[in-house]
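> Next input, structure requested:
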Amino acid sequence: MPFKVRQEIKGRVQAYVAGLGGIDQITVEKILDNGDLLEAFRSFCKAEHSEENILFLHSVRAFKQSDAKGKTAYQIRKQYLGPNAKKPVNLRGPTLVAWKKRYDEVVDVANEEGMSVEKTIFDAFYNEIAIMLDMDTVKRFGKELPQALE
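Numbers count the residues shown, from 1 in each chain. Predicted structure coming up:
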């Protein structure tokens, strides 16, 4: 499925990928490290109707760099992890069940009380989704990127 990269960022994406050593060196972490490559990857994911996973990773990264308030954790859970999530991520059932048992109440209380939560609270999900993206979506993105940069 073709995707588009904005003309204004094509050169910067090409330069960044070349600096990595080529398309085969693209990983989800490298994508998240570079705003232009992230934009191109989001465009690819949007075309595949799978943007929620990279949005989740980006949100978790921002959360980890913040003061880690319960309100932010609550918003991430509501957006990506809850039963009525607006953009549910693709996770294995056991991972989600284990997290819910351990953290659901913690996030609710922290949100209500304005408390901080562990910055590692989403690590299990982050790692699972990052691995899944690296093994599949990032590889497909790499195959289609040269055509999108023409």
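> Kindly confirm my reading that Thr120 forms part of a strand.
No: Thr120 is assigned coil when assessed by DSSP: H, G, I helix; E, B strand; the rest coil, not a strand.
> ok now do it, which residues does it touch?
Residues counted as contacts of Thr120 (C-beta atoms under 8 Å, 6 or more residues apart in numbering): none. Using the backbone N, CA and C atoms, a C-beta is placed for each residue, glycine as well.
> so what's the backbone phi/psi at it?
Note on Thr120: its backbone torsions stand at phi -90, psi 10 [degrees, to the nearest 10].
> quick one: it and Leu91, what's the gap?
As judged by C-beta to C-beta, to the nearest Å, Thr120 and Leu91 stand 17 Å apart.
> biggest helix in this structure, by residue count?
helix 93-113 (DSSP state H).
> Buried residues of the next helix or strand after that one, list them for me.
Counting by DSSP states H and E, the next helix or strand C-terminal to helix 93-113 is helix 123-132. Of the residues in helix 123-132, Ala124, Phe125, Tyr126, Glu128, Ile129, Ala130, Met132 count as buried by neighbour count, 16 or more other C-beta atoms under 10 Å.
> If I take helix 123-132 and helix 93-113, what angle do their directions form?
Following axes from the mean of the first three to the mean of the last three C-alpha atoms, to 10 degrees, one obtains 130 degrees for the angle between helix 123-132 and helix 93-113.
> what helices or strands is the worst-scoring helix or strand of the chain on mean pLDDT leaning on?
Within the chain, no helix or strand scores below helix 93-113, which has a mean of 79 by mean pLDDT, DSSP states H and E. Applying 3 or more C-beta pairs under 8 Å, 6 or more residues apart in numbering; DSSP states H and E, one finds that helix 93-113 contacts helix 70-76, helix 123-132.
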